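Engineer: let me see the structure of the following:
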Amino acid sequence: MPHGTEGISGVRVRPFVVDLAEGKPVGPAGALEVTWVSTHAGCWHQVYVSGCLAGVTAVPEDRRLVVSAPVGGAGAAGVVLVEVVAVDAADRWTDFADQLAGFAAEHGARVRLTWQAGLYLDANLEAFDVFGDGRTGSVDYGAPLNDGLIPARPGGQAPWGYGCGGYGAGGYGRSAARYEWVTDPMEPGVWRFAAAAVDAAGNCLASAVEIAVSVQPVPRPAEDFRVAEYEPGTARARLVWSASPDA
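Structural biologist: The predicted structure follows:
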């Protein structure tokens, strides 16, 4: 068995905490603590973050690993997918990123849609529906992509208030309310999406706003990562690698 995910369950991901400051957890930006349950007693485990090999356990008994996740606009605030893979000893450092489901060249990424409520919305606003075109070029308004309505007042609370938009931020009060919805992984290509505001009866309150999104394949990770030099006296190492084929 070169690699596999069968027998691995209970994967949990949480921010890595190294200290407490004023009663609040403190940890390095983008550091994640990953734990899991595995039936593979004699195998090592690899952790992949958003399709990239992020770490390998030190011994077969390990069921915990601290790895780095992307930070910034497409990282901590975005969607991070973590996968744990069991590998044989000989393949401990083999990168299987391009073979895992969801990360091959024919697979794309998730799309995060965000929108503001807009001044046109009235007191009857109940929720939103998101529609797509299935890459046909024409949005199908008969079949929402979301499993359930996206509530305009999550938890019964209206997500707006006077002046919450800020100067130059595109609106005040109700018009400044922001919503978001994340798709399943999409195949590469151009997709069209639309968000529609609806009332309690499911009637559209205004014309839906459409947007076209170009989904690119998830890039493959860098290759041939290794230590080129090591200076014992200074404990300094020079690392080298080959760029991603998709760079």
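
Engineer: after the helix or strand hosting Trp36 comes which helix or strand?
Structural biologist: Using DSSP states H and E, Trp36 sits in strand 31-38. Moving toward the C-terminus from strand 31-38, the next helix or strand (DSSP H and E) is strand 44-49.

Engineer: what is the rounded mean pLDDT of stretch 195-214?
Structural biologist: What stretch 195-214 shows for mean pLDDT is 86.

Engineer: partner strands of the strand holding Trp36 and their direction?
Structural biologist: strand 8-15 (antiparallel), strand 64-68 (antiparallel) (DSSP bridges).

Engineer: and that strand, which residues are buried?
Structural biologist: 32, 34, 36, 38 (16 or more other C-beta atoms under 10 Å). The way it works is simple: take the backbone N, C-alpha and C, and place the C-beta from them, glycine included.

Engineer: so what's the closest residue to the last one other than its chain neighbours up against?
Structural biologist: Using C-beta to C-beta, 6 or more residues apart in numbering and skipping the chain neighbours, the partner closest in space to Ser38 is Ile8 (4.9 Å). Contact analysis of Ile8 by C-beta atoms under 8 Å, 6 or more residues apart in numbering lists 36-40, 45, 84-86.

Engineer: out of those, who's nearest Pro144?
Structural biologist: Nearest to Pro144, judged by C-beta to C-beta, of the contacts of Ile8 is Val84 at 32.8 Å.

Engineer: coming back round to it: deepest-packed of the strands paired with strand 31-38, please.
Structural biologist: Stretch with highest mean neighbour count among the strands paired with strand 31-38: strand 64-68 (a mean of 17; mean count of other C-beta atoms under 10 Å).
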